[in-house]
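In: Predicted model and sequence follow; I will ask about them next.
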Amino acid sequence: MGPNRAGAALREARLSDIPRLETIRAAVRENRLSDPRLVTPRDYEEHILGAGRTWVCEHDGQIVGFAAANRDGRSIWALFVDPAHERRGIGRQLLDRAVEWLWSTGANAIELGTAPGTRAERFYLAAGWAPEGHTSRGEILFRLARPPAP
């Protein structure tokens, strides 16, 4: 994909990107993992080469955000932007790419979970996602239905 409005470009992630993805995941201000060992390099690998796909956004040769989708779970597994690059439209472009891919796999609805009372919650609401209750971990469960065909 070409540059986005933030002067950055999206591409599919590679295994060699995992250390940077872990760094971004650990740098976020909200939705921090209580135990970083809960998300392993194998989890990233599964979302790069397995039942998922991951996209990164690069700016000046550095990865500044990523989104990962899971085909089998029909879900968004991760969406994180380096705090130094927030509020530039990167998260929305990454989310749109992940959703587009999930629609292409035949998904009729997509789910994700995020902590309540966060900017992420407001972000997903603004993007048209509907709250559908809570996950077993107390996160808000969001759902996005496939739009009707034109």
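Out: Ah, there it is.

In: Not counting sequence-adjacent ones, nearest residue to Glu45?
Out: Closest residue to Glu45 apart from its sequence neighbours, by C-beta to C-beta, 6 or more residues apart in numbering: Leu15 at 6.4 Å. Heads up, the C-betas are built off the backbone N, CA and C, glycines and all.

In: Nearest to the middle of the protein, which residue? Look it up for me.
Out: Leu79 (2.4 Å; C-alpha atoms, centre = their mean).

In: got the contact list for Gly128?
Out: By C-beta atoms under 8 Å, 6 or more residues apart in numbering, the contact list for Gly128 reads Leu144.

In: Next, it: secondary structure please.
Out: At Gly128 the chain is in coil, as set by DSSP: H, G, I helix; E, B strand; the rest coil.

In: ok, back up a step: now do the same contact list for the residue nearest to the centre of the chain.
Out: Contacts of Leu79 by C-beta under 8 Å, 6+ apart are 65-68, 91, 94-95, 98, 112, 120.

In: Can you say which helix or strand has it in it?
Out: Using DSSP states H and E, Leu79 falls within strand 75-81.

In: helix or strand right after that strand?
Out: helix 90-104.

In: Pull that next one out as PDB, backbone CA atoms only.
Out: The C-alpha trace of helix 90-104 is given here as PDB (Å, rounded to 0.1, in the frame of the first residue of the first chain):
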ATOM      1  CA  ILE A  90      -2.600   5.700  11.600                       C
ATOM      2  CA  GLY A  91      -4.800   3.700  13.900                       C
ATOM      3  CA  ARG A  92      -7.900   4.200  11.700                       C
ATOM      4  CA  GLN A  93      -6.000   3.200   8.600                       C
ATOM      5  CA  LEU A  94      -4.700   0.100  10.300                       C
ATOM      6  CA  LEU A  95      -8.100  -0.800  11.600                       C
ATOM      7  CA  ASP A  96      -9.700  -0.300   8.200                       C
ATOM      8  CA  ARG A  97      -7.100  -2.600   6.600                       C
ATOM      9  CA  ALA A  98      -7.700  -5.300   9.100                       C
ATOM     10  CA  VAL A  99     -11.500  -5.100   8.800                       C
ATOM     11  CA  GLU A 100     -11.200  -5.200   5.000                       C
ATOM     12  CA  TRP A 101      -9.200  -8.400   5.200                       C
ATOM     13  CA  LEU A 102     -11.600 -10.000   7.600                       C
ATOM     14  CA  TRP A 103     -14.500  -9.200   5.200                       C
ATOM     15  CA  SER A 104     -12.500 -10.700   2.400                       C
END
